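# Make a model of this:
(chains A, B, C and D)
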Protein chains: 2
Amino acid sequence: MENNIKIPKTRNGRATFNLIVDTTIDLFYKKGYFKTKIKDITDSAGIAAGTFYLYFPNKLSLYKYILMQFQHDIRRTIAESVSNVKGRFEKEKEGIKTFIQYSLDNPHAYNIIWESLYIDKKLFIDYYDGFAKRYERGLNPSIKDGEMHDVDTELVSYILMGVANFIGLKVLLDLGKNNDDIDEVVEQVMSIIKTGIFKD
Amino acid sequence: MENNIKIPKTRNGRATFNLIVDTTIDLFYKKGYFKTKIKDITDSAGIAAGTFYLYFPNKLSLYKYILMQFQHDIRRTIAESVSNVKGRFEKEKEGIKTFIQYSLDNPHAYNIIWESLYIDKKLFIDYYDGFAKRYERGLNPSIKDGEMHDVDTELVSYILMGVANFIGLKVLLDLGKNNDDIDEVVEQVMSIIKTGIFKD
DNA sequence: TCATATTATGAATTACTATTCATGTTTAAA
DNA sequence: TTTAAACATGAATAGTAATTCATAATATGA
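Residues are numbered from 1 along each chain as shown, chains lettered A, B, ... in the order given. Model prediction:
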């Protein structure tokens, strides 16, 4: 299938391109990938149906583009936050916290990324497997140093993703309610990850 | 939209009904809800296209039926396993373990249930909110008794679902690899939930 | 064995959506 | 101010899939 995006060459073109992307993110979030029709996108963006095909050969290529944007964005966000912290282990904790915080701040992203499982399993696997491996690399030294329990790092990687997942879930369900105590939620989650649920 | 399922009245009718359901579960799991066409279902089941509409008015009603089946199944499974255990707190742990084990044993269910988020958000919310509340009821007394850290039980509920979620994810990605050490995985996960990841 | 309800068929119809393309407008550089 | 490239339009076309329905087979039980 055709997959190539046409990068616009003028200021106007770029504006239309970005309008399509932003509008689509909103629709994918609200209605999901499959229920979002090209017509919905062009109508919401206020452009003609044909204009869509000036930049994207089909819906899937646009989805992939959006997925990559999120991937870059979240990695950049984590890298930035971590760069301000001293100490390898502290960096690791900060990374986890930022990851969770990101899920909290960007339910759009969380929701759209997760749907890749139903759009193209390969996209999903690439996305999350990459993430898991990245965490594993960071966690292993912390165990060697005795800063962490001797847990299976692959499992922990997936647990962290599960936790971010649940956060996205919770934010989703809480939409409309009071969401002012975000820092508090992140703190609680970190504390649970740290010390566990049960006393021994 | 029409929503009523026609319950078959004869042995043959029931067989066809069940064939449709089982075939569909398999297809929803492999291809997802939206990519599964009615024609795919009837072809896979080896029945005529019209036969589908003898029992289900549309795909969504069938999906809802399947979702309910899973819901009942998992609740029954947990209730059963818990009934063999003495002590309220031990029961609670057994419930969590069974829940996780269930996700591990039934990636079909996990995958199909989760897709409800993209099919009809209301279905998703009802499903998981119900689960969260159920956990909360069980967890609160354990905190009062000092058997658990004083954590936000709503948060813990969602974490548990996130963890079950990640387990489903991991099983999904590992499909084809060696999955003999299932008990081992459940044990590890329980240990992490119990004592946390970091040492203090 | 007859009459009726139930189940099954699959071609035809209907509904919907993606995609194309002939035509027109805008932009920017020469 | 010309003109070629870029951008935009939306009606027309093409393709896919859901759903109906006239017809037929099968099962039940009186």
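# part of a helix, is residue A:92?
Yes - under DSSP: H, G, I helix; E, B strand; the rest coil, residue A:92 falls within a helix.
# Identify the residues contacting it.
Going by CB atoms under 8 Å, 6 or more residues apart in numbering or on different chains, residue A:92 touches A:138-139, A:142. C-beta here means a position set from N, CA and C on the backbone, and glycine is covered the same way.
# quick one: which of those residues is nearest to residue B:166?
Nearest to residue B:166 out of those is residue A:139 (CB to CB; 15.0 Å).
# how close does the spatially closest residue to that closest one that is not a sequence neighbour sit to DNA strand D?
In space, and not counting its chain neighbours, residue A:139 is closest to residue A:153: 4.4 Å by CB to CB, 6 or more residues apart in numbering or on different chains. As judged by CB to the nearest atom of the strand, to the nearest Å, residue A:153 and DNA strand D stand 42 Å apart.
# Flag every residue of chain A that's near DNA strand D.
Residues of chain A found near DNA strand D (CB under 7 Å from any atom of the strand) are A:6, A:8-10, A:12-16, A:47-51, A:53-54.
# if you set the cut-off to 10 Å instead, what comes out?
When proximity is defined by CB under 10 Å from any atom of the strand, chain A lies next to DNA strand D at A:6-17, A:19-20, A:39, A:42, A:45-55.
# Among those residues, which ones are in helices?
Of the residues of chain A next to DNA strand D, the ones assigned to helices by DSSP state H are A:11-17, A:19-20, A:39, A:42, A:45, A:49-55.
# Let me know the pLDDT of the residue nearest to residue A:139.
According to the prediction, residue A:153 has pLDDT 78.
# how many neighbours does it have?
Residue A:153 has 20 neighbouring residues, counting by other CB atoms under 10 Å in any protein chain shown.
# Type out the PyMOL command that picks the buried ones from the residues of chain A next to DNA strand D.
Entered in PyMOL, the line below selects the buried ones among those, by 16 or more other CB atoms under 10 Å in any protein chain shown:
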select buried, chain A and resi 16+17+19+20+42+45+47+51+52+55
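# from the residues of chain A next to DNA strand D, which are also near chain B?
When CB under 8 Å from any CB of the partner chain is applied, no member of those is adjacent to chain B.
# In contact with the residue nearest to residue A:123 when sequence neighbours are not counted, which residues?
Spatially, and ignoring its direct neighbours in sequence, residue A:123 is nearest to residue A:116 (4.3 Å; CB to CB, 6+ apart). Counting by CB under 8 Å, 6+ apart, residue A:116 touches A:63, A:67, A:123-124, A:127.
# In PDB, list the C-alpha atoms belonging to stretch A:187-200.
The C-alpha coordinates for stretch A:187-200 follow below in PDB (Å, rounded to 0.1, in the frame of the first residue of the first chain):
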ATOM      1  CA  GLU A 187       3.300  10.900  44.000                       C
ATOM      2  CA  GLN A 188       0.900   8.200  45.200                       C
ATOM      3  CA  VAL A 189       1.600   6.000  42.200                       C
ATOM      4  CA  MET A 190       5.400   6.400  42.700                       C
ATOM      5  CA  SER A 191       5.000   5.500  46.400                       C
ATOM      6  CA  ILE A 192       3.100   2.300  45.500                       C
ATOM      7  CA  ILE A 193       5.600   1.300  42.900                       C
ATOM      8  CA  LYS A 194       8.300   1.900  45.400                       C
ATOM      9  CA  THR A 195       7.100   0.100  48.500                       C
ATOM     10  CA  GLY A 196       4.400  -2.100  47.200                       C
ATOM     11  CA  ILE A 197       0.800  -2.600  48.300                       C
ATOM     12  CA  PHE A 198       1.000  -5.100  51.100                       C
ATOM     13  CA  LYS A 199       2.900  -5.000  54.400                       C
ATOM     14  CA  ASP A 200       4.700  -8.200  55.100                       C
END
